[in-house]
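Participant: kindly return the folded structure for what I paste below:
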Amino acid sequence: MRITRLYWAFFGAGLLVVGGIELAAEILGVSRAVGPVSIGGTYVLWRGIILATAGGLYTHAVLADVPSVRERATVVLASGMLWITAGTQLLTAVLEAIPGGAETWIAPPGAIFGALAPPYVPALIAVLLTLPAVRHVDGIAVIDRLREVVAS
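Facilitator: Model (predicted):
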């Protein structure tokens, strides 16, 4: 098994666990913050479903007997799900920093930086670990291109 497949397998299993924890937190009505991670809050049910689904897709991509192209597409799809979820969480944090009132449209920089301070939802932390999926977007890895150049 290649190291990248091992990485996505462990990452997928971790997302399945974290997604399950978020689903359990919503069902039990619990909200906790442990270190830089916060579980609970608004839309935790949907975040849990998305994290668990993305984890399942990562795990399926590397453990199922699928062609390399489908594996890459599944990894990019699961990463896209996390990118959208993390993006909406960042947008929500920035927009919540704007003080109320009809005439106020811009938040001061201190309020925005304060809204972006920890604790973070697991999707924001996981999105950093999905950056290796960017190499799958164009269909061929950069290292493969270098090998072709050196071989010719």
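
Participant: CA only for contacts and neighbour counts going forward, please
Facilitator: Noted.

Participant: any stretches of the chain with poor pLDDT?
Facilitator: Under the criterion of pLDDT under 70, the regions of the chain flagged as low confidence span 1, 66, 101, 136-146, 152.

Participant: swap in 80 and give it another go.
Facilitator: Per-residue confidence of the chain (counting by pLDDT under 80) places the weak regions at 1-4, 41-42, 65-69, 99-108, 133-152.

Participant: got the residue ranges for the strands in this structure?
Facilitator: Listed in chain order, the strands of the chain (DSSP state E) span residues 32-34, 37-39.

Participant: closest one to Val62 among the ones you listed?
Facilitator: Closest of the strands of the chain to Val62 is strand 37-39, at 27.1 Å (criterion: C-alpha to C-alpha).

Participant: which outside residues touch the closest one?
Facilitator: Glu22, Ala25, Ser31, Arg32, Ala33, Pro118, Pro119, Tyr120, Val121, Pro122 (C-alpha atoms under 8 Å, 6 or more residues apart in numbering).

Participant: on that earlier part again, distance to Thr53 added to the strands of the chain, as TSV?
Facilitator: As requested, the strands of the chain are arranged in TSV below (distance: least, C-alpha to C-alpha, whole Å):
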stretch	distance to Thr53
strand 32-34	22
strand 37-39	17
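
Participant: so which of those strands is the most packed in?
Facilitator: Neighbour counts (mean count of other C-alpha atoms under 10 Å) averaged over each of those peak at strand 37-39, with a mean of 19.

Participant: and that strand, how far out from the chain middle?
Facilitator: Distance, stretch centre to chain centre, for strand 37-39: 14 Å (C-alpha atoms, centre = their mean, to the nearest Å).
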